[in-house]
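Novice: Quick one, what's the 3D model for this:
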Amino acid sequence: MSDPREPLRLSVDRERCAGAGMCALTAPEVFDQDDEEGLVVLLHPAPAPEHRSAARMAVGLCPVGAIALNSPDSTDS
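Specialist: A predicted model of the protein is given here:
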């Protein structure tokens, strides 16, 4: 299990985004949606410690997998 204090980096694929808005609802400090298309906007690619749990949850809730979570020490790509 990941340590919530461990730094993480987020990235989004706006081409893949379906505009469901789960990310913005789950972690509004980290994600938003643009006004034109309703697509994900990443506000903080490296969220503050107090927002990391919500950001991780938003990654899992995205119905199309448009959000990627990468720990800096991760060997996964």
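Novice: Could you measure from G60 over to C23?
Specialist: Separation of G60 from C23 (C-beta to C-beta, to the nearest Å) stands at 10 Å. Using the backbone N, CA and C atoms, a C-beta is placed for each residue, glycine as well.
Novice: Tell me which stretches of this protein form strands.
Specialist: Secondary structure of the chain by DSSP state E: the strands cover 9-12, 31-33, 40-42, 67-70.
Novice: Could you say which one of these comes nearest to A18?
Specialist: strand 40-42 (9.4 Å; C-beta to C-beta).
Novice: The closest one packs against which elements?
Specialist: strand 9-12, strand 31-33 (3 or more C-beta pairs under 8 Å, 6 or more residues apart in numbering; DSSP states H and E).
Novice: Present the strands of the chain as TSV; the columns should include mean pLDDT.
Specialist: TSV is the format used below for these (pLDDT from 0 to 100):
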stretch	mean pLDDT
strand 9-12	96
strand 31-33	98
strand 40-42	97
strand 67-70	92
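Novice: With respect to G19, which of the ones you listed lies nearest?
Specialist: strand 31-33 (6.7 Å).
Novice: which residues touch the closest one?
Specialist: 12, 19, 21, 23-24, 39-43, 55, 58, 67 (C-beta atoms under 8 Å, 6 or more residues apart in numbering).
Novice: make it 10 Å
Specialist: 10, 12, 17, 19-25, 39-44, 47, 51, 54-55, 58, 62, 67 (C-beta atoms under 10 Å, 6 or more residues apart in numbering).
Novice: One more: stretch 40-58?
Specialist: 2-14, 16-35, 62, 64, 66-67, 69-70, 72.
Novice: Okay, helices next: where are they in this protein?
Specialist: 22-26, 52-61 (DSSP state H).
Novice: These into JSON lines, with extra columns for mean pLDDT and mean neighbour count?
Specialist: Converted to JSON lines, the helices of the chain look like this (pLDDT from 0 to 100; neighbours: other C-beta atoms under 10 Å):
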{"stretch": "helix 22-26", "mean pLDDT": "97", "mean neighbour count": "19"}
{"stretch": "helix 52-61", "mean pLDDT": "96", "mean neighbour count": "18"}
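Novice: Number of residues surrounding the residue nearest to A20 when sequence neighbours are not counted?
Specialist: Leaving aside its sequence neighbours, A20 sits nearest to P63 (C-beta to C-beta, 6 or more residues apart in numbering; 5.3 Å). Neighbour count for P63, taken as other C-beta atoms under 10 Å: 9.
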